[in-house]
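Engineer: fold the stuff below for me.
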Amino acid sequence: MPDRGGAGAAGHSSRPGRHSRTAVALIVVLGVLAVLMTGLVTLSGLWTDLLWYRSVHYSSVFSTMTRTKAALFAGFGLLMALGVGLNMYLAFRMRPPLSAMSSEEQSLDRYRMGLAPYRMWVLAGICGALGVIAGGAAAAQWRSWLLMAHSTPFHTKDPQFHKDVSFYTFQLPCYRFLVGFGFALVVLSLLAAVTVHYLYGGVRFTSPGARVTGAATAHLAILLGLFVSLKAAAYWLDRYALAVRSGGSGRAARGWTGLRYVDANAYLPAKTILCFIAVICALLFFATAWRRTWTLPAVGFGLMVLSAILIGGLYPAVMQKFQVLPHESAKEAPYVQKNLDATRAAYGLADTEVTQYPGVDAAPTAVPAADGSLRKEAGDAASPTVLDPKVVSPAFQKLQRGSSAYEFPSTLDVDRYQDGGTAKDTVVGVRELNSDGIPHGDWTDDHLVYTHGYGVVTADGSATSSDGTPLFGGRDPGTLGPSGDYQQRIYFGEQTRQYAIVGGGTPEMDYADGTRGGGTTTTYQGKGGVSLSNPLTRAAYAISLGEPRILSSGDIGKGSRILYNRTPKERVAAVAPWLTIDGDPYPTVVGGKVLWVVDGYTTSDDYPYASRTHLGDATADSLTDGRRQVLTDQNEVNYIRNSVKATVDAYDGTVTLYQWDEQDPVLKTWMKAFPHTVEPKADIPAGLLPHLRYPQDLFKVQRSMLTTYHVTQAADFGASGQVWDVPDDPAAKAGKAVPPYYLDLRMPEGPSAKTYSLTSTFTPAKGESMSAFMAVDADPTSRDYGTIRLLRISAGAGADGPAAVQSAIDAAGRSAPAADQLKSLGANATVVHGNLLTIPLDRGLLYVEPVYARAPEADYPQLVSVAAVYGDRTSYRPTLDQALDDLLGPAAAKDAAPPGKDPDAALDKALDDAQQAYADRQAAERKGDRAAYAAAQRRLDAALDAARTAEKATATPQAPAGKG
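Structural biologist: Next up, the predicted model:
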């Protein structure tokens, strides 16, 4: 009997109970607080997201995504919870009456009694947890669901099943998800039902008599029948999945997608046969619900497993070994051709214009052409640039930064601006905010005072000043770059990653001069960002950003706005989450605004028969860094289009999406899913159009695929000498691919005039000679925009590749004249090689490379020489014109010396012009007028070039009159 007498005993026995209840209460309180905090943070995040989407006028994107995710989460989560819960409930209701208990039943009875008070809670907990997991998995498929719901036909059929490509890209992924979800639901229901049946006696393992009751047999047989039915559906879908399945081995088959001989003649019939066997097996399981015997379904299931091993595994292996391998080329040829055609179509390579090109001048000369025809042809063939956007970035930093609060990117951008009515290559840098260089960087300085960068800096891409530094442009007429007034404040940029709070009572620093309090101030007047006038909004941002000062600071109140998601790639990716974003947005000045241009791609990895590639690998080169990486949720693709051109206003963050590829079915599908978010192509402003261009990342993906898929016939695919490589950048570390370059170029067999082009080269997979030259028309105003032209060079032509050309340039750089140029900068000056440009010229290849040098005490490299290589000759001269004159001979117009005293007069005039330009430059420097300084520097360089030309003319010997 319990001790009832002693109070001490009673008090002693009650203390553990109080402690236990206290601990339980504490755990409950902490749990409730954790749930409340999690809910508060989640709601704050959702609310601030909605406010951000409203601020950029894309709230429909947020609502569509949220509704779709919520519907999928609720629908599939509820289906999973109800399915598992119903089967657990049915298993409980089908429990047999208790009879004489065996030792097994006695052991289970203790669990039954312990579970009885909490049975409903356990059921709800299990179903709720499975529902949340299933709902989360379904919500992650929102893209697939929207694609299927708004599917647009490609009007192209696959070569095996003759279904529209849209079935594979938009519908098949969703069907396979549904089958996979069905498997999960049935398997979990089966496990739950077996557990409950066992716990309550419907299934016995050690008791005498029947091991499974009739009710449990019917229940489990129906679930097994559903499982095998889903397997039949999976076998049927697997037939179509063969068209998008990757396989193969070896370089020629990398990323191979589609059916091969064994797939079409062994796996495909096997999947069909297994599908019908699975249907029969499922019917046998369903019949067991009435027959109450497991004999026939067990035999049927065993037959299905045996068939899967024999006809689904062994038979294809035997066919591959004894039928395919002895005659592989002939057997695989039709399927290789299908893969070739589909891959070239999916990557936009089907219309590539291929021309056989010698690559080496048929009659190389040891001296320049005397008549100057080759030199003139070189001028007509291309307009090489000498300003390398990566090499000259330190010069921009030193000469144009202004203070440590600003910076330029390590690799600058390129654009085109009008110069005398002609579009000219221009190197462009935006003076962006440098958060690491903010003086006295406390929270107020970081987020309320230093809020933006200032101005766009341009430089002539084809020339430098006399000391090798960039020729900076400006806003004045006659200087290369943006003309007229424009909004120079940069609140949104590639380097601008932290949030800013603007428009309140704290003045913002406006182009600081590097000293505390130096520079002018401004107050943001734009409509960008989210208003913080409401205290609840400030509280939401304080929670979501983890910064209580957003709520407590007295500097934030009426009129304050918070700017975040400030990089162009982030903003475009947020308003168009279905796009893959190009890694290199670039700035341009249009209509008085600085606009960031962002290229957007629609992609798929389910284009039938098209081989896959990894975007990260295909777009990587010597310039790729964290800032220039492609932004994507789908790294592996086998279809890509540059379907959207987007702009981001650098002042107020306005994002505008323009339709670019009007034929792309993927874009049309997304435009139906997110209506009124993409503007028609016709709405692109006339001032913006000339600044658009063919995007580099798309070009690099196409370049990567052309290393193998440049052939059009199956017999040539993967053959010796037909596999190429993108060469390494000779000016970078080994293993870094050479980046493509923009330049004005006239291609052989192409348009007669020079066209703005994006170019690259190929070398053999093994070797350093040149295999091909690739160029695409990059001018958006050209009717040939996007046309890819390939000059194929015979393997035995002997055309040098970039590595061999770089070796020749290095050797020339060690010669006496070139060495003297370096010595002028100091004994320890460091050579920095610029971009190596390749130009087709007169059946051969002309190479041009700017060569820079950095003096030991200098902060930036200066252009000291331009190297040019043609055939077996190399020239290394101070300017591009001098290098080409030396290499190819002066142009005919330059060869003819003026009669009489004209050369002397021209020289005198050039020197006078140079003296006046120098005086103007000095005056502008004293006044601090950068635009006037740049203009004077340009006139000085032009005068010096004219003086050199006139001096050369006066030194030209005149032919004697009369005979011979």
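Engineer: quick one: the strands in the stretch 401-550 of the chain?
Structural biologist: Applying DSSP state E, counting those that start in this stretch to the stretch 401-550 of the chain gives strands spanning 406-407, 413-419, 422-430, 432-433, 453-454, 456-464, 470-472, 489-490, 500-502, 508-510, 520-522, 530-531.
Engineer: looking at these, spot the one closest to Leu303.
Structural biologist: strand 530-531 (64.5 Å; C-beta to C-beta). Using the backbone N, CA and C atoms, a C-beta is placed for each residue, glycine as well.
Engineer: name the element the closest residue in space to Arg344 that isn't next to it in sequence belongs to?
Structural biologist: Counting by C-beta to C-beta, 6 or more residues apart in numbering, Ala350 is the residue found nearest to Arg344 once chain neighbours are left out, at 4.7 Å. Applying DSSP states H and E as the criterion places Ala350 outside every helix and strand.
Engineer: how close does Ala350 get to Ala134?
Structural biologist: The gap separating Ala350 from Ala134 is 42 Å, by C-beta to C-beta, to the nearest Å.
Engineer: quick one, which of those two is more surrounded?
Structural biologist: Ala134 (25 against 13; other C-beta atoms under 10 Å).
Engineer: count of neighbours near the closest residue to the more buried one other than its chain neighbours?
Structural biologist: Nearest non-adjacent residue to Ala134, counting by C-beta to C-beta, 6+ apart: Met80, 3.6 Å away. Other residues within reach of Met80, judged by other C-beta under 10 Å, total 25.
Engineer: so Met80 touches Phe183, yeah?
Structural biologist: No. Look at Met80 against Phe183 with C-beta atoms under 8 Å: they stay out of range, at 11.9 Å.
Engineer: kindly state the pLDDT recorded for Ala919?
Structural biologist: Ala919 is assigned 77 on the pLDDT scale.
Engineer: what of the one 3 residues further on?
Structural biologist: Gln922 is assigned a pLDDT of 71 by the prediction.
Engineer: try the one 5 residues further on
Structural biologist: In the predicted model, Lys927 carries a pLDDT score of 69.
Engineer: ok, now Ser373?
Structural biologist: For Ser373, the pLDDT comes out at 84.
Engineer: what number of residues lie near it?
Structural biologist: Counted with other C-beta under 10 Å, Ser373 comes out at 14.
Engineer: so which of the strands of the stretch 401-550 of the chain is nearest Pro384?
Structural biologist: Minimum separation from Pro384 across the strands of the stretch 401-550 of the chain (C-beta to C-beta) falls at strand 456-464, 7.4 Å.
Engineer: and the helix or strand where Val179 lies, what does it pack against?
Structural biologist: In this assignment (DSSP H and E), Val179 forms part of helix 172-199. Helix 172-199 sits against helix 59-93, helix 103-115, helix 119-139, helix 142-149, helix 214-241, with contacts defined as 3 or more C-beta pairs under 8 Å, 6 or more residues apart in numbering; DSSP states H and E.
Engineer: buried stuff in the fourth one?
Structural biologist: Burial within helix 142-149, assessed by neighbour count using 16 or more other C-beta atoms under 10 Å, is assigned to 142-148.
Engineer: pLDDT weak spots in the stretch 851-964 of the chain?
Structural biologist: 891-904, 925-935, 938, 941, 945, 948-964 (pLDDT under 70).
Engineer: let's see it at 50
Structural biologist: Applying pLDDT under 50 to the stretch 851-964 of the chain flags the ranges 892-901, 955-964.
Engineer: all strands for it, in order.
Structural biologist: 862-870, 873-877.
Engineer: go on, the stretch 551-700 of the chain?
Structural biologist: With DSSP E, counting those that start in this stretch as the criterion, the stretch 551-700 of the chain has strands at 561-563, 580-581, 586-590, 593-604, 613-614, 636-637, 639-649, 655-659.
Engineer: what comes into contact with the last one?
Structural biologist: Strand 655-659 is contacted from outside by 56, 58, 571-572, 575-576, 600, 643-649, 667, 671, 677-681, 683-684, using C-beta atoms under 8 Å, 6 or more residues apart in numbering.
Engineer: how about the fifth one?
Structural biologist: Contacts of strand 613-614 from elsewhere in the structure, counted by C-beta under 8 Å, 6+ apart, are 255, 635-638, 701, 704-705.
Engineer: next one: the residue nearest to Asn828 when sequence neighbours are not counted from Leu296, what distance?
Structural biologist: The shortest distance from Asn828 to any non-neighbouring residue, by C-beta to C-beta, 6+ apart, is to Pro856 (4.8 Å). With the distance defined as C-beta to C-beta, Pro856 ends up 90 Å from Leu296.
Engineer: what do you get for Ser329?
Structural biologist: 48 Å.
Engineer: these two: which is more packed in?
Structural biologist: Leu296 (15 against 11).
Engineer: might you report the residue contacts of the more buried one?
Structural biologist: Applying C-beta under 8 Å, 6+ apart to Leu296 gives the contacts 284, 287-288.
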